[in-house]
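Novice: Quick one, what's the 3D model for this:
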Amino acid sequence: MTQFTTKLKAWTKNWSGTIVFVFLLFAFRSVVADWYQVPTGSMKPTIIEGDRIFVNKLAYDIKVPFTLISLVKWDHPHRGDVVVFDSPTGGPRLVKRVAGLPGDIVMIRNNELFINGKPAHYETTDQSGVAKYWDSSKTAPVLISESFEEQPPHTITIQPFRHFIARNYGPIEVPAKHYFMLGDNRDNSADSRFIGPINEKYILGKANAVVLSLSHLDRYFLRLN
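Specialist: Numbering: from 1, shown residues only. Predicted structure coming up:
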C-alpha cells in the first residue's frame, strides 16, 4: 500500500461524516426547501432588495436532486402564487408572481392586466410603503391593490413618471405547461413580457415567506400573499 493510498484512506475516514452531511444538506435544499436572497426590487413592495425568502420546493412536485426532472407532481402553480424559477435565458434565478395559466389569453393595456378578456380589479391602497421602501429624492411611485377573481389581492407598484416600454403587451395565448409571470414592481421588472411564458419544468418552488431582511427588521418572518 502506497503512502498516498494510506493518507487518502485516513482522510476519507476523518471527513466522511462531513461529506455525507454536506451532500444531504445540498440535497435537502435541492428537493425540499431552500432560501434565496433577492438582489433586485422587481417584486416591490411584496419583496424588497436584500430580503431572504423561504421557498417550498415540495409545493408542486418532487424532483430528482440537483436536476429539473420531476418524479411526482401533485399540484400546479395557481394564479397569484409567488414562485422561484430558473431563467430560460440562462440568467440568475428569478422570483415573480404567476399571472397567466396554461391556455389563458394575456393582455396588458396601460399596465392594466386582462385575462381572457376580463380585467383585473384595481383599488388605491395604503401609500405608507412608498416612503418606507423608496428613496424620497426620486419620483414617488403609486401602490395599487390588484386582484383577479379567485385570488386574494396583492399590492403592485406603478411608476407613472417613469418611461417603460412594456405597459402594453399582447394579447398572447400562454402555451400548455407554461405560465405567464409578472413582477409586482410592474414598471421595473424583467418578466414574461421580455422572456416569454415560463415552462413549468423551470419552476423550482413556491415562495412562502420573507425569512429575514438585511435592511428592515420588521420584515422578519413576513408571509407572502
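
Novice: Low-confidence stretches in this protein?
Specialist: Applying pLDDT under 70 to the chain flags the ranges 1-4, 6-16, 128-139, 217.

Novice: Could you list the domains of it?
Specialist: Annotated domains of the chain cover 1-31, 35-223 [automatic domain parsing].

Novice: Rebuild those as TSV, extending it with mean neighbour count.
Specialist: Bear in mind the C-beta positions are built from the backbone N, C-alpha and C, glycine included. Output for the domains of the chain, formatted as TSV (neighbours: other CB atoms under 10 Å):
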stretch	mean neighbour count
domain 1-31	11
domain 35-223	17
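
Novice: For Phe21, list the residues it contacts.
Specialist: Contacts for Phe21 (CB atoms under 8 Å, 6 or more residues apart in numbering) come out as none.

Novice: Surely it forms part of a helix?
Specialist: Yes. Checked against DSSP: H, G, I helix; E, B strand; the rest coil, Phe21 lies within a helix.

Novice: gap between the biggest strand by length in the chain and the chain center?
Specialist: When the chain is parsed with DSSP state E, its longest strand is strand 203-213. Counting by CA atoms, centre = their mean, to the nearest Å, strand 203-213 is centred 7 Å from the centre of its parent chain.

Novice: repeat for stretch 195-209
Specialist: With CA atoms, centre = their mean, you get 7 Å for stretch 195-209.

Novice: Also stretch 162-174?
Specialist: 19 Å.

Novice: which residues touch the residue most central in space within the chain?
Specialist: Centroid-nearest residue in the chain, with CA atoms, centre = their mean: Val95, separated by 1.9 Å. For Val95, the contact set (CB under 8 Å, 6+ apart) comprises 36, 38, 42-43, 47, 53, 82-84, 207.

Novice: 6 Å instead, please
Specialist: Val95 is in contact with 43, 84, 207, counting by CB atoms under 6 Å, 6 or more residues apart in numbering.

Novice: ditto for Gly205
Specialist: 55-57, 59, 84.

Novice: any idea how far the residue nearest to Lys73 when sequence neighbours are not counted lies from Arg93?
Specialist: Of all residues not flanking Lys73 in the chain, Asp61 sits nearest, at 4.0 Å (CB to CB, 6 or more residues apart in numbering). From Asp61 over to Arg93 the distance is 17 Å, taken as CB to CB, to the nearest Å.

Novice: circling back: list the helices and strands the helix or strand that the longest strand of the chain is followed by packs on?
Specialist: Sequence-wise, the next helix or strand downstream of strand 203-213 (DSSP states H and E) is strand 222-223. Packing contacts for strand 222-223, counted by 3 or more CB pairs under 6 Å, 6 or more residues apart in numbering; DSSP states H and E, involve no helix or strand.
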